[in-house]
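Q: Give me a 3D structure for the following:
(chains A and B)
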Amino acid sequence: MKERETLWEACLNKGMNRRTFLKSCVALTSLMGLSTDMVSKVVEAAETKPLPVVLWLSGHECTGCSESFVRTGAPLPSDVLLTNISLEYSHLLSAGSGDDLEAHLEKMMKQHRGKYILAVEGAVATGSNGIYCMSGGKPFIKTLREAAAGAAAVIAYGSCAAYGGIQAAQPNPTSSAGIGKYISAKAVVNVPGCPPIPEVMTGVVMHLAMFGVLPPLDSDNRPKQFFGNRVHDTCYRRPFFDAGMFADRYDDAGAKAGWCLYRLGCRGPETYSSCGNMRWHQGLSYPIQSGAACIGCASPKFWDESPFSERMPKYGPLGDIDMIGAGMAAASVAGVAAHGALSLLQKQKRDKEEAAEARRGVTNGKEGDK
Amino acid sequence: MDASNVSVVQRRIYYLFSPFLRIFHWIMVDCICVLFVTGILIGKPLQILNFEPTATYLLMNVVRDLHFLAAFLLCASFVLKIYGFIINKGDRLFPRFWEGHFYMEVIDVALHYMLLKKSHKSYLRNPLARMSYAFLYVLVAIEVLTGFAMYLMVNPDSIWAFAFSWVNTVLGSEFMTHLVHHYVAWAIILFASGHLYMVTRAEFMEGESEVSSMFSGSKVLVHVPTDVKEIL
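A: Numbering: from 1, shown residues only, chains lettered A, B, ... in the order given. Alright, predicted model coming up:
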């Protein structure tokens, strides 16, 4: 492979002019969630920073994240993959396969050691020495550790790589988990979502590619610019929540009128994602806009928090906590009344005995606790 | 003074609760009532089929604001509780787990409450009440922590969110925080129903001014309480 080129050189080689290059830089700036006064920094980085090598590993997953990634609208996936990054290993997109592809992975890991970006999709199956997830004849956990050791930065794409995902649902027979705890790399970016929004995925990898540093992260290692708000707080249906107008079923008048889905168990109030403001497929829609309550797919453990169509879990015939709580309150009132009545009887008996003792002239200075 | 409905009983007045604790107690009562009602409404908003956002009967944002107002008031009123705790011995009636006689007294009171014993010894505050009040503070602490973890994460970038977001991490997810907050609220209401009964029972059956002490600050007791050393 020849010397790695910068974005500017890549544009020149493709015969693009300076104007097109600058326009791409402006587009990239907004794509990465940066303010417009960062344009000059983006241009500078595009002229000087060599484009990064990206290795994309697939673990315990469904390839939904890759599928989401290739549906990014701005920039087009072809531009990202062919111009902006150098993707050297991917199960979904590689033309080659088998030993050749695995050998290429080894080669790239050696050649670009300490410089490549590792994108990981899917959980790591940690049970039984990782045999539940084998890739290229090796347990995924082994490949992952080797690849992560030489990576400049690791991106955990999707809720599986970030938190374990659906295969980590109870009872989690494969002991699947997020990759964070199982790799030694210092720089890990979590991009949860099932799958994440395509533009969020490209935005994160472009930030790393352009600046060579991690985007600003929150305490959970998620990029702040994409995971800094709750879906509920950016939801266009929020005014209906505040006005107390809710859909009760998916086919009632409220649902048709587009009212708030909170009573249908919407997880918007607990979920951090850009669904509300970026939406999917270039602002076309997002689950709530399409009439489905959010299931919180970007939240840790969302898979164990069923039922998704209820705000609170139900416990069989007992109902939810409000039913149980009201039942217990009623039972405690009844119990208290019974105890009160019995206590009164006991007290009457005690008073009689004490009166009898007093009549017998016994000194009543001691307490009756013999 | 020799009528049959008049008797001469010698009682001693024990000053226990500072005005700070008493004011705190009644603020807490009011706040818990408001918090519980608004909290249930937030968890399950009434469906009253408003047809116009501008002419609604239930404004969720008002319900939420009332909930937050009561929550902040309750937290602020802890200043009174803490001040009383510092200046007044009667405000510090701990469950004395570290003293052996505590466990014997637990049995003493429990046997009486199970109606297996005619009466229990006299206490400034009996050991079961001590444990239940300590437990209430644990419940309130859980509500405060989970409540702020949800409330402040509206801006995850703020220093306040940093101070409380670990609660969501410990519980696994923010949804779990919502559930814990809701479940513990019910536990507090169950505590309140038991508490209300026990103090009323003590007042009426033993005549030991359990209810009025939270207004006057003093208990008027016939017997010398076994734990009187704690306020001397």
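
Q: C-alpha from now on. contacts and neighbour counts both.
A: Noted.

Q: Using the record's assignment, carve chain A into domains.
A: When chain A is parsed with automatic domain parsing, its domains come out as A:50-225, A:229-334.

Q: what's the span of the longest one from first residue to last?
A: Same thing as domain A:50-225. Counting by C-alpha to C-alpha, to the nearest Å, you get 24 Å between the two ends of domain A:50-225.

Q: any idea of the mean pLDDT in that domain?
A: The pLDDT scores in domain A:50-225 average 87.

Q: do it and chain B meet at all?
A: Yes. Against chain B, domain A:50-225 shows contacts by C-alpha under 8 Å from any C-alpha of the partner chain at A:218-219.

Q: ok, now the last one?
A: Yes. Counting by C-alpha under 8 Å from any C-alpha, chain B has neighbours in domain A:229-334: A:229-230, A:233, A:239-246, A:248, A:263, A:267, A:270-271, A:299-302, A:305, A:311-312, A:321-322, A:325, A:328-329, A:332-333.

Q: that older thread, switch the domains of chain A over to JSON lines; also include mean neighbour count.
A: Output for those, formatted as JSON lines (neighbours: other C-alpha atoms under 10 Å in any protein chain shown):
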{"stretch": "domain A:50-225", "mean neighbour count": "20"}
{"stretch": "domain A:229-334", "mean neighbour count": "19"}
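
Q: got CSV for these, with distance to A:V26 too?
A: As requested, those are arranged in CSV below (distance: least, C-alpha to C-alpha, whole Å):
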stretch, distance to A:V26
domain A:50-225, 11
domain A:229-334, 17
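
Q: Which of these sits closest to B:R64?
A: Evaluated with C-alpha to C-alpha, those place domain A:229-334 nearest to B:R64, the distance being 9.0 Å.

Q: ok, now which ones touch A:I141?
A: Neighbour list for A:I141: A:124-126, A:130, A:182 [criterion: C-alpha atoms under 8 Å, 6 or more residues apart in numbering or on different chains].

Q: In strands, which of the residues you listed fall?
A: Those of the contacts of A:I141 mapping onto strands are A:124-125, per DSSP state E.

Q: ok, which pair from the contacts of A:I141 is furthest apart?
A: Applying C-alpha to C-alpha across the contacts of A:I141, the maximum distance is between A:G130 and A:Y182, 11.7 Å.

Q: any idea how far the residue of the stretch 1-150 of chain A found nearest chain B lies from A:I183?
A: Closest contact between the stretch 1-150 of chain A and chain B, by C-alpha to the nearest C-alpha, is at A:G33 (15.6 Å). Going from A:G33 to A:I183 by C-alpha to C-alpha gives 28 Å.

Q: ok, now B:L152?
A: According to C-alpha to C-alpha, B:L152 and A:I183 sit 32 Å apart.

Q: which residues of chain B fall in strands?
A: B:12-15, B:218-221.

Q: any idea which of the ones you listed is most buried?
A: Ranked by mean neighbour count, those are led by strand B:218-221 with a mean of 20 (mean count of other C-alpha atoms under 10 Å in any protein chain shown).

Q: tell me the average confidence for that one?
A: According to the model, strand B:218-221 has a mean pLDDT of 89.

Q: With stretch A:34-46 instead?
A: The average pLDDT for stretch A:34-46 rounds to 87.

Q: In it, which residues are buried?
A: Within stretch A:34-46, the residues scored as buried using 16 or more other C-alpha atoms under 10 Å in any protein chain shown are A:34, A:39, A:42-43, A:45-46.

Q: Give me the contact list for it.
A: Contacts of stretch A:34-46 (C-alpha under 8 Å, 6+ apart): A:6-8, A:22, A:25-26, A:28-30, A:210-211, A:225.

Q: one more time with 6 Å, if that's ok
A: By C-alpha atoms under 6 Å, 6 or more residues apart in numbering or on different chains, the surrounding residues in contact with stretch A:34-46 are A:7-8, A:25-26, A:210.

Q: so A:A156, which of the three states?
A: Of the three states, A:A156 takes strand under DSSP: H, G, I helix; E, B strand; the rest coil.

Q: how far away is it from chain B?
A: 18 Å (C-alpha to the nearest C-alpha, to the nearest Å).

Q: just checking, that residue touches A:A123?
A: No. Taking contacts as C-alpha atoms under 6 Å, A:A156 lies outside contact range of A:A123: 9.1 Å.

Q: Pull the contacting residues for B:L21.
A: B:81, B:84.

Q: pLDDT score assigned to it?
A: With respect to pLDDT, B:L21 has a value of 94.

Q: contacts for stretch A:207-217?
A: Taking C-alpha under 6 Å, 6+ apart as the rule, stretch A:207-217 contacts A:45, A:52, A:223-224.

Q: possible to save the residues you listed as TSV with secondary structure?
A: Supplementary listing: the contacts of stretch A:207-217 in TSV, determined by three-state DSSP:
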residue	secondary structure
A:A45	helix
A:P52	coil
A:P223	strand
A:K224	helix
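
Q: just how off-centre is stretch A:184-191 within its chain?
A: Here the centre of stretch A:184-191 is set off from its chain's centre by 14 Å, with C-alpha atoms, centre = their mean, to the nearest Å.

Q: Between the two ends of it, how far is it?
A: 18 Å.

Q: And for stretch B:153-171?
A: End-to-end span of stretch B:153-171 (C-alpha to C-alpha): 15 Å.

Q: now do stretch A:146-154
A: With C-alpha to C-alpha applied, stretch A:146-154 spans 12 Å between its terminal residues.

Q: ok, now which ones touch A:Q282?
A: With contacts taken as C-alpha under 6 Å, 6+ apart, A:Q282 has no neighbouring residues.

Q: So which bits of chain B are right by chain A?
A: Counting by C-alpha under 6 Å from any C-alpha of the partner chain, chain B comes close to chain A at B:50, B:53, B:58-61, B:173-175, B:186.

Q: measure A:P317 to B:V184 for me?
A: Look at A:P317 and B:V184: by C-alpha to C-alpha, they are 21 Å apart.

Q: what's the nearest residue to the most centrally placed residue in chain B if we skip its chain neighbours?
A: Against the mean C-alpha coordinate of chain B, by C-alpha atoms, centre = their mean, the closest residue is B:L136 at 5.3 Å. Using C-alpha to C-alpha, 6 or more residues apart in numbering or on different chains and skipping the chain neighbours, the partner closest in space to B:L136 is B:I188 (6.9 Å).

Q: Count the residues that sit near that neighbour.
A: 19 (other C-alpha atoms under 10 Å in any protein chain shown).

Q: per-residue pLDDT, it?
A: 95.

Q: ditto for the one 4 residues further on
A: Reading off the confidence values, B:A192 has pLDDT 93.

Q: now swap in the one 10 residues further on and tell me
A: At B:A202, the model reports a pLDDT of 87.

Q: tally of neighbours for it?
A: Using other C-alpha under 10 Å, B:A202 has 14 neighbouring residues.

Q: Then the one 3 residues further on?
A: A total of 14 residues lie near B:M205 under the criterion other C-alpha under 10 Å.

Q: Just confirm A:N190 contacts A:A162, I think it does.
A: Yes. Judged on C-alpha under 6 Å, A:N190 makes contact with A:A162 at a distance of 5.4 Å.

Q: Touching both of the two, which residues are there?
A: In contact with both A:N190 and A:A162: A:A156, using C-alpha under 6 Å, 6+ apart.

Q: Ignoring the adjacent residues along the chain, who's closest to residue 220?
A: Defaulting to chain A. A:N190 (7.4 Å).

Q: switch to chain B, that's the one I care about
A: Distance criterion C-alpha to C-alpha, 6+ apart; nearest residue to B:V220, sequence neighbours excluded, is B:I13 at 4.5 Å.

Q: before we move on, the earlier item: now do the contacts for the residue nearest to A:D220.
A: A:156, A:162, A:221-222 are the contacts of A:N190 under C-alpha under 6 Å, 6+ apart.

Q: at 10 Å what do you get?
A: A:120, A:154-159, A:161-163, A:178-180, A:204, A:217-218, A:220-223 (C-alpha atoms under 10 Å, 6 or more residues apart in numbering or on different chains).

Q: Which neighbouring elements make contact with the longest helix seen in chain A?
A: In chain A, assigned by DSSP state H, the helix with the most residues is helix A:321-359. Secondary-structure packing of helix A:321-359 (3 or more C-alpha pairs under 10 Å, 6 or more residues apart in numbering or on different chains; DSSP states H and E): helix B:100-113, helix B:174-201.
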